[in-house]
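*Asks:* just need the structure, nothing else, for what follows:
(one chain, ligands or ions: 1)
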Amino acid sequence: MRLDRRTLPTFLFTACCAAVSLSVFARDTPTATAPAIIPLPASMEMDAGRFHPGKTLHIAISGKLADRSAIATLANDVLREAWHRPVAAAPTQGHADLRLVLAADAGANRESYTLRITRDGIVIRAPSDTGLFYGLQTLRQIATPGSSASAGLPALHIADQPRFGYRGLMLDSARHMQSIPAIKQQLDLMARYKFNTFHWHLTDDQGWRIEIKRYPKLASISSMRKETVIGNPDNGATARDGIPYGGYYTQAQAREIVAYAKARHITVIPEIDMPGHMVAALAAYPELACTPGPFDVYTTWGVSDDVLCPSPQTFAFVEGVLTEVMAVFPSRYVHVGGDEAPTTRWKQSALAQDIIRREGLKDEHALQGWFLRRVEGFVRAHGRTIIGWDEILEGGASPTATVMSWRGMQGGIDAVRLGHDVIMAPTSHVYLDYCQSKTPGEPLCIDNFLPLRTVYDFEPVPDGLTAPQVARILGGQGNLWTEFVKTQQDVQYMLFPRSFALAEVLWSPKQARDWNGFLLRVPAQFAELDRLHVNYRRLDPQ
Ligand code: TNX
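*Replies:* Predicted coordinates:
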């Protein structure tokens with residue numbers, strides 16, 4: 001550019017203003033200040049300027065909240081943790097450091113929220129308590145504990161909502177049990193990363209963990225195994241440790257977990273696995289089997305041929321159990337398992353064969369379908385919906401059953417084509433009991449391999465489906481089976497950081513997914529886990 005007398009003043013003016021705006025920019029560039037949020041919000045824009053909190057922090061809440069005091073307490077905790085300053089309630093109008101607004105028109109998705117930080121303060125708007133709750137979880141990751149009050153917060157605007165309505169984690173409390181405080185801590189962590197469903201696997205061959213008052217021997221006998229296999233039976237391990245193992249949750253404790261989860265906007269879905277994975281129950285009530293027994297609560301891992309026999313006694317048992325389970329767990333869904341039920345015993349059982357003949361069923365798989373349809377009818381008559389593992393498709397599932405696809409994605413694809421709702425939980429991407437690395441030094445785990453990157457690459461919606469079929473994919477879930485996961489430290493090690501990846505898959509828009517960006521955001525979350533004394537697996541050098 002040639003500068004002459006005419007253009008020079010314009011040039012100087014432009015250069016000077018560019019420098020000013022550049023200096024504003026240099027202090028507040030999006031890259032310098034964009035907070036490390038997981039899961040990544042649907043949209044986030046950084047603005048110029050910062051908000052500096054007052055010496056006393058004021059919170060204003062307006063709108064018709066369902067539980068105002070719960071949201072107020074959380075807001076207080078988040079601000080106090082961040083800045084260690086006294087917090088006071090503020091009038092609905094006038095100055096507030098944090099303003100929470102519940103407004104029915106704030107968003108169509110009840111879990112959505114907007115969060116705006118300006119020089120004047122922080123405003124979170126949402127159409128429900130849940131949206132405000134998630135807005136506060138996001139704020140907690142922006143105003144991190146130990147963030148300096150004098151530095152303040154960067155101005156920004158977030159408009160956020162989940163991609164999927166079902167964002168789950170399953171915990172197996174049957175193979176190894178977790179304490180009530182440990183489960184509460186897990187629920188706390190789930191809420192931080194915006195999971196909304198806790199699938200609780202309560203019964204299996206190796207232990208029955210929920211009190212059922214009609215069947216007291218489930219607590220006194222089925223909850224205890226006399227010993228446990230040492231190592232991995234898939235690799236030939238047979239030796240047992242000789243140490244009795246067991247325990248169960250009382251109904252009062254289970255209710256406590258339901259309430260604790262609810263306060264964190266998490267639904268608890270109980271699973272009573274049937275007709276397979278029932279050896280623990282058979283140990284107490286052998287008359288429910290097709291053969292006389294006796295049975296011992298299983299002391300090794302794997303699949304047993306001994307399953308419930310489809311007899312009148314069994315249906316009375318199942319209905320009695322589910323009646324109590326539904327009274328304790330108010331969730332819309334009740335998971336009835338349906339996985340890994342060998343047909344061996346039913347092939348040899350006169351009772352089972354009679355039903356096959358009487359009902360005109362093709363084979364034992366069809367009998368399993370008949371069995372579960374009957375259970376489904378019972379659950380539906382109580383206003384609830386069953387979830388079953390994808391094997392339930394093999395015997396012809398009732399169309400109102402929701403299918404949890406675990407043996408890959410195909411079960412889910414078949415199910416949506418048949419008109420079922422589906423939750424995707426394939427072994428290939430979300431089996432959190434699989435080893436995180438092949439390097440020596442990993443704790444004992446199932447011999448399969450599920451590194452962090454694979455979880456991050458999980459895509460719950462396969463190609464080739466129609467729009468109505470896609471709409472039937474409710475979301476996804478990570479499954480933590482606990483054959484080899486004995487302690488709370490172990491549980492956490494398997495959950496983190498892989499649950500961060502899953503949280504982002506289930507919450508953030510598909511096009512926003514960015515592996516390298518994710519890796520840059522993980523350390524801030526590790527710092528938070530450190531502060532909370534939560535265990536995790538460190539990142540591999542990239
Ligand atoms: C299969 S996933 C199972 C569980 C095991 C798990 C181990 C499913 C429905 N059944 O019983 O714990 O594999 O990865």
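*Asks:* could you double-check that Ile356 sits in contact with Asp363?
*Replies:* Yes - Ile356 is within contact range of Asp363, at 7.2 Å (criterion: Cβ atoms under 8 Å). The C-beta positions use only the backbone N, C-alpha and C, and glycine is treated the same way.
*Asks:* what residues does this protein put near the ligand?
*Replies:* Asp339, Glu340, Trp389, Trp406, Tyr431, Asp433, Ile446, Trp481, Glu483 (Cβ under 6 Å from any ligand atom).
*Asks:* apart from its chain neighbours, what residue comes closest to the third one?
*Replies:* In this structure, Trp389 finds its nearest non-sequential neighbour in Asp339, 3.7 Å apart by Cβ to Cβ, 6 or more residues apart in numbering.
*Asks:* for that neighbour, give me its contacts.
*Replies:* Going by Cβ atoms under 8 Å, 6 or more residues apart in numbering, Asp339 touches Asp273, Gly276, His277, Trp389, Asp390, Glu391, Trp406.
*Asks:* assign a three-state SS to it, would you?
*Replies:* coil (DSSP: H, G, I helix; E, B strand; the rest coil).
*Asks:* that older thread, mind putting the residues of the chain next to the ligand into a markdown table with secondary structure and pLDDT?
*Replies:* Listed next are the residues of the chain next to the ligand as a markdown table, based on DSSP: H, G, I helix; E, B strand; the rest coil; pLDDT from 0 to 100:
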| residue | secondary structure | pLDDT |
| --- | --- | --- |
| Asp339 | coil | 95 |
| Glu340 | coil | 95 |
| Trp389 | strand | 97 |
| Trp406 | coil | 98 |
| Tyr431 | strand | 98 |
| Asp433 | coil | 97 |
| Ile446 | strand | 86 |
| Trp481 | coil | 98 |
| Glu483 | coil | 97 |
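*Asks:* nearest to Ile180 among those residues?
*Replies:* For these, the closest approach to Ile180 (Cβ to Cβ) belongs to Trp481, at 20.3 Å.
*Asks:* for the ligand, what is the nearest residue in the stretch 401-542 of the chain?
*Replies:* Residue nearest to the ligand within the stretch 401-542 of the chain (Cβ to the nearest ligand atom): Trp481, separated by 3.4 Å.
*Asks:* residue contacts, the closest residue to that residue other than its chain neighbours?
*Replies:* In this structure, Trp481 finds its nearest non-sequential neighbour in Asp433, 4.2 Å apart by Cβ to Cβ, 6+ apart. Counting by Cβ under 8 Å, 6+ apart, Asp433 touches Asp172, Cys445, Ile446, Asn479, Leu480, Trp481, Thr482, Glu483, Phe484, Val485, Met494.
*Asks:* now swap in Glu364 and tell me
*Replies:* Per Cβ under 8 Å, 6+ apart, neighbours of Glu364: Thr343, Trp346, Lys347, Ala352, Ile356.
*Asks:* ok, Asp234 touching Cys445?
*Replies:* No - contact criterion Cβ under 8 Å: Asp234 and Cys445 do not qualify, at 11.1 Å.
*Asks:* just give me the closest of the contacts of Asp433 to Glu227.
*Replies:* Glu483 (14.4 Å).
*Asks:* quick one, what contacts that closest one?
*Replies:* Applying Cβ under 8 Å, 6+ apart, the residues near Glu483 are Asp172, Arg175, His176, Trp301, Asp433, Ile446.
*Asks:* on that earlier part again, PyMOL command to pick out the buried ones of the contacts of Glu364?
*Replies:* Command for PyMOL that selects the buried part of the contacts of Glu364, burial taken from 16 or more other Cβ atoms under 10 Å:
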select buried, resi 343+346+352+356
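*Asks:* include pLDDT and secondary structure when you put the contacts of Glu364 into a markdown table, please.
*Replies:* Output for the contacts of Glu364, formatted as a markdown table (pLDDT from 0 to 100; DSSP: H, G, I helix; E, B strand; the rest coil):
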| residue | pLDDT | secondary structure |
| --- | --- | --- |
| Thr343 | 97 | coil |
| Trp346 | 98 | helix |
| Lys347 | 98 | helix |
| Ala352 | 98 | helix |
| Ile356 | 98 | helix |
